[in-house]
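1. Here is the input, now give the coordinates:
(one chain, ligands or ions: 1)
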Amino acid sequence: MADKRIFSGIKPTGDLTLGSYIGAIKNWVELQNDYDCLYCIVDMHAITIRNDPEVLHRRTLEQLAQYIASGLDPKKNIVYIQSHVAQHAELSWILGCYSMMGELNRMTQFKDMSRKHSDNLNAGIFTYPVLMAADILLYQSDLVPVGEDQKQHVELARNIAVRFNGVYGDVFKLPEPFIPKVGARIRSLTDPTSKMSKSDEDPQGSVYIMDSPDAIMKKFKRAKTDSLGCVRFDPDEQPGISNLMTIYSSVTGRSFDEITAEFEGKGYGVFKPAVAEAVIETLRPIREESERLLSDRSQLAEVYRDGARRAAEIAEDTLNLVRGKIGFVGK
Ligand code: AQP
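-> You can find the predicted model right below:
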């Protein structure tokens with residue numbers, strides 16, 4: 001087993017998108033051969049916003065199926081559901097007592113979420129980064145693959161760990177954010193100035209892993225572009241085309257120069273369906289395998305139970321150490 005440990009997760013707040021796949025899962029699959037990895041479905045993070053219970057339940061299982069169908073091997077990695085490992089909640093409470101109101105107040109995502117969810121500004125939105133610190137520190141993780149927007153949270157986890165270690169000695173390993181070189185940020189097809197998000201209200205802006213080939217083709221054909229008519233990577237002048245190039249490059253492995261040469265003089269009427277085709281063929285086996293896995297819930301249950309058992313073993317070692325250090329009486 002590799003000696004460096006990775007922890008990462010996605011919250012089941014919407015159906016997984018092409019952005020979730022390219023920005024996270026595809027990289028996780030590559031990392032599984034070189035690191036000791038835990039990949040989680042962070043359902044406890046999902047409840048800071050109101051969810052229909054049936055939908056949350058369905059999405060959690062679908063997300064697990066999609067992780068596996070994308071190539072995450074549940075034997076090689078620990079794949080599990082966050083709420084099945086109670087140690088996350090326990091460490092989160094403890095770390096909350098070592099987190100400062102001021103530093104949580106400075107989190108950019110908290111500021112964004114407060115604006116977006118002013119009708120339900122619950123304490124979970126404020127303490128979300130503490131739970132994320134617990135997720136990471138519980139497993140003595142070395143690296144945390146995240147998008148740019150989550151980097152601040154990993155830095156906070158590191159600061160909490162430094163503070164705790166400063167009082168009690170070396171308890172937590174200090175984690176580093178791990179931002180993948182490629183994959184970048186995939187943007188909405190209808191508004192390329194914003195990120196493709198699973199909770200986007202406009203379903204035309206996002207391509208979902210479970211979308212039919214027909215739906216994917218239609219979404220790409222309608223994708224917002226410009227009137228310049230050339231396939232060139234220029235995010236300022238041509239954000240829509242640059243987004244489509246990023247997607248095409250991620251799924252075909254071709255460079256931007258190669259893509260520009262391939263579509264020289266061909267126009268968007270040829271480029272858009274070509275991107276759609278490449279995405280359809282990338283997602284087809286993932287969708288089909290997910291559907292197969294979802295038709296046999298007992299196989300999925302075996303995966304999440306085994307994952308939770310293996311995760312809890314590591315988590316309990318860390319928590320025992322923490323409990324002893326802070327003076328809790330052992331059971
Ligand atoms: N569009 C994207 N481009 C690149 N990476 C992306 N990720 C998500 N969308 C894109 C990456 O997926 C990981 C897990 O994300 P998450 O679900 O925990 O949180 P998120 O980044 O907030 O994802 P969404 O889809 O935008 O969710 P909602 O709509 O619920 O807020 C992260 O590493 C993220 O970078």
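
2. my guess is residue 163 contacts residue 95, does it?
-> No - counting by C-beta atoms under 8 Å, residue 163 stays clear of residue 95, with 9.4 Å between them. Any C-beta I mention is one placed from the backbone N, CA and C, and that applies to glycine too.

3. what ranges of the stretch 201-331 of the chain fall below the confidence cut-off?
-> Residue ranges of the stretch 201-331 of the chain with pLDDT under 70: none are present.

4. in it, what residue is nearest the ligand?
-> Closest residue of the stretch 201-331 of the chain to the ligand, C-beta to the nearest ligand atom: residue 206 (8.1 Å).

5. For that residue, give its distance to residue 26.
-> Relative to residue 26, residue 206 is positioned 16 Å away (C-beta to C-beta, to the nearest Å).

6. which one of the two has more residues nearby?
-> residue 206 (25 against 19; other C-beta atoms under 10 Å).

7. Could you pull up the residues touching the more buried one?
-> Each residue near residue 206 by C-beta atoms under 8 Å, 6 or more residues apart in numbering is listed here: 17, 18, 19, 188, 189, 196, 197, 198, 200.

8. could you list every residue that touches the closest residue to the fourth one other than its chain neighbours?
-> Pointing back at residue 188 there. Computed as C-beta to C-beta, 6 or more residues apart in numbering, the closest residue to residue 188 that is not its neighbour in sequence is residue 205, at 3.5 Å. If you count contacts by C-beta under 8 Å, 6+ apart, residue 205 has them with 188, 189, 190, 191, 194, 196.

9. Out of those residues, give me the two with the largest separation.
-> Maximum pairwise distance among the contacts of residue 205 (C-beta to C-beta): 10.7 Å, between 189 and 194.

10. Between these two, tell me which one has more neighbours.
-> residue 189 (26 against 13).

11. mind listing the strands for the stretch 151-300 of the chain?
-> Applying DSSP state E, counting those that start in this stretch to the stretch 151-300 of the chain gives strands spanning 176-178.

12. what residues does it put near the ligand?
-> Proximity of the stretch 151-300 of the chain to the ligand, by C-beta under 6 Å from any ligand atom, involves residues 185, 186, 195, 196, 197, 198, 199.

13. Now stretch 286-302 - C-alpha only, CSV.
-> Only the C-alpha atoms of stretch 286-302 are listed here, as CSV (Å, rounded to 0.1, in the frame of the first residue of the first chain):
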residue,chain,number,x,y,z
ILE,A,286,-20.4,5.0,-16.9
ARG,A,287,-24.1,5.5,-17.2
GLU,A,288,-24.7,1.9,-18.3
GLU,A,289,-22.6,0.4,-15.5
SER,A,290,-24.3,2.7,-12.9
GLU,A,291,-27.7,1.5,-14.1
ARG,A,292,-26.5,-2.1,-13.8
LEU,A,293,-25.1,-1.5,-10.3
LEU,A,294,-28.3,0.3,-9.2
SER,A,295,-30.4,-2.7,-10.2
ASP,A,296,-28.7,-4.8,-7.5
ARG,A,297,-28.8,-2.8,-4.3
SER,A,298,-27.3,-5.7,-2.3
GLN,A,299,-24.0,-5.3,-4.1
LEU,A,300,-23.9,-1.6,-3.4
ALA,A,301,-24.8,-2.3,0.3
GLU,A,302,-21.8,-4.6,0.5
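
14. I figured residue 326 was touching residue 93, is that so?
-> No - with contact defined as C-beta under 8 Å, residue 326 does not count as touching residue 93 (11.4 Å).

15. Could you chop this protein up by domain?
-> Taking automatic domain parsing as the domain assignment, the ranges for the chain are 5-179+297-326, 203-292.

16. about what we covered before: which of residue 163 and residue 95 has more residues huddled nearby?
-> Remark: of residue 163 and residue 95, residue 95 carries more neighbours, 25 against 16, as counted by other C-beta under 10 Å.

17. out of the contacts of residue 205, who's nearest the ligand?
-> residue 196 (3.8 Å).

18. Could you tell me how many residues sit around that closest one?
-> For residue 196, the neighbour count with other C-beta under 10 Å is 25.

19. Same check on residue 217?
-> Neighbours around residue 217, by other C-beta under 10 Å: 18.

20. check contacts around it.
-> By C-beta under 8 Å, 6+ apart, the contact set of residue 217 is 273, 276, 277, 280.

21. can you pull the contacts of the first one?
-> What it means is residue 273. Residue 273 touches 217, 220, 221, counting by C-beta under 8 Å, 6+ apart.

22. Not counting its neighbours along the chain, what's nearest residue 140?
-> residue 173 (4.3 Å).

23. was I right about the one you found contacting residue 141?
-> Yes - the pair formed by residue 173 and residue 141 meets the contact definition of C-beta under 8 Å, at 6.9 Å.

24. Show me which of these two is the more surrounded one.
-> residue 141 (26 against 17).

25. what's the pLDDT at that one?
-> Confidence at residue 141, expressed as pLDDT, is 97.
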